[in-house]
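*Asks:* fold the following, please.
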Amino acid sequence: MIDSTWARSGRGFAWAYGVLTIVAGVLVTVVSVGIPPTEPDLAKHYAYIRQIWPELYISFLLFIAAMTCLFPIGLVLREFFGRSLRSELLYASFFAAAILGVLWMLAQAGSAQVVARDSAGLSPQDLNVVGTSSSIWSGVINWLERGFVLFASLGTYWTGRLVLHQRSLPRGLGWVSIALAVLYWLGLVNLVLFDLGVSFSRELGSPLVALGAVVALVWAAWLGWELGRRNRLGGG
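*Replies:* Residues are numbered from 1 along each chain as shown. I've put the predicted structure just below:
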């Protein structure tokens, strides 16, 4: 078990992760709804990116702050459950997810910044050059996303296993943790299908992302509440 200081920190970082993710997700969704496709008018697409760049910039910063919360969450949970192979795997998974998540957001921010800063007034030929370089960035971004989802799934999976094994937290939280891991795994499978060109994967992706986001927020809120309750009970 952890003392009150660790419990308060765990609650704060879990809730911060949830709040930051909600705000960033809503912001980027609202401003991205009207983004025109790159085909057939790449200039129109880039003009819209330039228009919403301030909002995108803020959302990326919020997402980066949310990702960094995963590191202390893993640290607190390792101390809460006690040192064991499972708790060390939990900590390592959240640590890796935090690093890859931050790199994922930094790569996205860098790619969007290049478009917002350098695409104004370019000829169609030069816009195609920017589009080609953006495609390379997209490949890196996609694989960073896959790495984040993989390690985040392992972190929530080991959290669920430890909750169910030790029963130091409600069993329902353990099952929610495992359910979130399963949703992450389904997301990875969908991304693989997308890479293979399976047509229905594009339609399947949005519902999986939406459902995973809801379950992740429930998980963060519940985890923060339970850690805070341990604080009120004196860490026991």
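*Asks:* measure Ala109 to Val102 for me?
*Replies:* Going from Ala109 to Val102 by C-beta to C-beta, to the nearest Å gives 10 Å. Yep, even glycine has a C-beta here, placed from its N, CA and C like the rest.
*Asks:* what packs against the lengthiest helix in the chain?
*Replies:* For the chain, the helix that runs over the most residues, judged by DSSP state H, is helix 124-166. Contact partners of helix 124-166 among helices and strands, from 3 or more C-beta pairs under 8 Å, 6 or more residues apart in numbering; DSSP states H and E: helix 42-68, helix 70-81, helix 85-118, helix 171-195.
*Asks:* may I see the buried residues of the last one?
*Replies:* Buried positions in helix 171-195, judged by neighbour count with 16 or more other C-beta atoms under 10 Å: 173-174, 176-184, 187-188, 190-191, 193-194.
*Asks:* okay, now the nearest residue to Ile22 once chain neighbours are set aside: neighbour count?
*Replies:* Computed as C-beta to C-beta, 6 or more residues apart in numbering, the closest residue to Ile22 that is not its neighbour in sequence is Leu217, at 6.4 Å. Using other C-beta atoms under 10 Å, Leu217 has 16 other residues around it.
*Asks:* test my guess that Leu217 contacts Thr21.
*Replies:* Yes - using C-beta atoms under 8 Å, Leu217 is in contact with Thr21, at 6.8 Å.
*Asks:* so where is this protein shaky, pLDDT-wise?
*Replies:* Filtered on pLDDT under 70, the chain yields the residue ranges 1-3, 38, 41-42, 118-135, 199, 202, 230-236.
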